[in-house]
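> Sequence unavailable; structure follows:
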């Protein structure tokens, strides 16, 4: 009987090790991590980043998977330290990945970055989630002139940013050649801080919020996080669906915003934390609704309150409206808040 049970356990483990679907899922994740990086990654770094995504795989196992993907032409070995980059075939593999692997990627990223947030409101220090945008270096000065009024209008999560030239890093992301990188605070910082205070927060969707006289009126477009592999803000910017510049001038127009729900019992505690957020230079919360009542014409559960967060990429959207395009990596990494500077100092 003992031998039979042991054989069954071994069979289950072998099935897990050689399950084609499980192998494909891990390979797709590795390819996505390589695609998200501006530099080659080795097995050790990939194993760590996969663990951050909830997938535990030893460095040796990662190296084995990479070798197989090298043979298929999905990845390419760079240098002596087994660093890899993704190939065009690898990019095609991501595009054609199974639907269930694409879905929920965005919501999973929110959960991961919320957990990695260590921001202390009182000390104004700790790791915060950021969006990374790459501008052509010959257009960055003009982009700044467009973006600064957006920060001044408090249409960004914070007026703190970090800027890096080509070859330098923002968090763990290297700025490509010919580009200037800028990190802007992501609204997920609200999720992370509330999580550290024991307040669960349900991230519903990202959308285009119409403002009237500076106040939220309604969401005119939305994309649920659980149904998108990209950050909704990136999609809306590419689609030229914002009018952030008009909001800066006339208090009327459409901006990037995100919708969250918080438990009814936590509403007063969240309101108390808003003063601390503002003191720390974080203005990400645009509005909090009453318990069980619609907010910006959006219904909420009976025992919850709605909350609207400003989109962290609104300044970049304003630059895009003026014809200054940037490559955006929303919800991309974390970096130390104290290393970010006031936009007016840039």
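Alright, I've got the coordinates. Keep in mind the model is a prediction, meaning the values are calculated, not measured.
> Am I right that residue 194 is in a helix?
Yes - assigned with DSSP: H, G, I helix; E, B strand; the rest coil, residue 194 falls within a helix.
> Tell me which residues touch the residue lying closest to it once chain neighbours are set aside, please.
In space, and not counting its chain neighbours, residue 194 is closest to residue 201: 5.1 Å by C-beta to C-beta, 6 or more residues apart in numbering. Bear in mind the C-beta positions are built from the backbone N, C-alpha and C, glycine included. Each residue near residue 201 by C-beta atoms under 8 Å, 6 or more residues apart in numbering is listed here: 114, 190-191, 194-195, 260-262, 307.
> so can I have JSON lines of these showing pLDDT?
Shown next, in JSON lines, are the contacts of residue 201 (pLDDT from 0 to 100):
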{"residue": "114", "pLDDT": "93"}
{"residue": "190", "pLDDT": "96"}
{"residue": "191", "pLDDT": "96"}
{"residue": "194", "pLDDT": "96"}
{"residue": "195", "pLDDT": "94"}
{"residue": "260", "pLDDT": "97"}
{"residue": "261", "pLDDT": "97"}
{"residue": "262", "pLDDT": "97"}
{"residue": "307", "pLDDT": "97"}
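> Show me those that map onto strands.
In strands, judged by DSSP state E, the following of the contacts of residue 201 are found: 260-262, 307.
> returning to what we had before: now do the same for the residue nearest to residue 194: its pLDDT.
For residue 201, the pLDDT comes out at 94.
> and which of the ones in strands among the contacts of residue 201 is nearest to residue 285?
residue 307 (6.5 Å; C-beta to C-beta).
> Tell me if I'm right that residue 142 and residue 325 touch.
No - judged on C-beta atoms under 8 Å, residue 142 makes no contact with residue 325 at a distance of 12.0 Å.
> show me where the stretch 101-250 of the chain has helices.
Remark: helices assigned in the stretch 101-250 of the chain by DSSP state H, counting those that start in this stretch are 105-116, 140-152, 188-196, 232-238, 244-250.
> a markdown table for the ones in strands among the contacts of residue 201, including neighbour count and distance to residue 333?
Compiled in a markdown table, the ones in strands among the contacts of residue 201 are given as follows (neighbours: other C-beta atoms under 10 Å; distance: C-beta to C-beta, whole Å):
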| residue | neighbour count | distance to residue 333 |
| --- | --- | --- |
| 260 | 24 | 21 |
| 261 | 20 | 26 |
| 262 | 23 | 26 |
| 307 | 25 | 24 |
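> Out of these, which is nearest to residue 313?
Using C-beta to C-beta, residue 260 is the member of the ones in strands among the contacts of residue 201 that lies nearest residue 313, at 16.9 Å.
> Name the nearest residue to the closest one, sequence neighbours excluded.
residue 307 (4.5 Å).
> and what of residue 137?
Distance criterion C-beta to C-beta, 6+ apart; nearest residue to residue 137, sequence neighbours excluded, is residue 180 at 4.8 Å.
> With residue 263 as the reference, measure out to the one you found.
42 Å (C-beta to C-beta, to the nearest Å).
> who has more neighbours, the two?
residue 180 (23 against 17; other C-beta atoms under 10 Å).
> Residue 165: how many residues sit nearby?
11.
> Quick check, pLDDT for it.
Looking at residue 165, its pLDDT reads 94.
> Confirm for me that it is in contact with residue 180.
Yes - counting by C-beta under 8 Å, residue 180 is a contact partner of residue 165 at 6.1 Å.
> Pull the contacting residues for the nearest residue to residue 161 once chain neighbours are set aside.
Excluding the flanking residues, the one nearest residue 161 by C-beta to C-beta, 6+ apart is residue 343, at 5.2 Å. By C-beta under 8 Å, 6+ apart, the contact list for residue 343 reads 144, 147-148, 151, 159-161.
> same thing but 10 Å
Neighbouring residues of residue 343 by C-beta atoms under 10 Å, 6 or more residues apart in numbering: 144, 147-148, 150-152, 156, 158-161, 163, 182, 184, 315.
> quick check, nearest of these to residue 86?
Residue 86 lies nearest to residue 182 out of the contacts of residue 343, by C-beta to C-beta, at 24.0 Å.
> Quick check: the closest one vs residue 132, distance?
Counting by C-beta to C-beta, the separation of residue 182 from residue 132 is 7 Å.
> Ok, residue 309 next?
For residue 309, the distance to residue 132 - C-beta to C-beta - is 19 Å.
> what do you get for residue 235?
From residue 235 to residue 132 the distance is 17 Å (C-beta to C-beta).
> Give the residues shared as contacts by residue 142 and residue 325.
Residues touching both residue 142 and residue 325 (C-beta under 10 Å, 6+ apart) are 135, 319.
> what about residue 316, neighbour count?
For residue 316, using other C-beta under 10 Å, the count is 31.
> Contact partners for the closest residue to it other than its chain neighbours?
Excluding the flanking residues, the one nearest residue 316 by C-beta to C-beta, 6+ apart is residue 133, at 5.0 Å. Applying C-beta under 10 Å, 6+ apart, we find residue 133 in contact with 143, 147, 161, 170, 179-184, 237, 312-313, 315-316, 319-320, 325-330, 332.
> So for residue 133, what's the pLDDT?
96.
> Phi, psi for the residue nearest to residue 194 please.
Phi and psi for residue 201, reported as degrees, to the nearest 10, are phi -140, psi 130.
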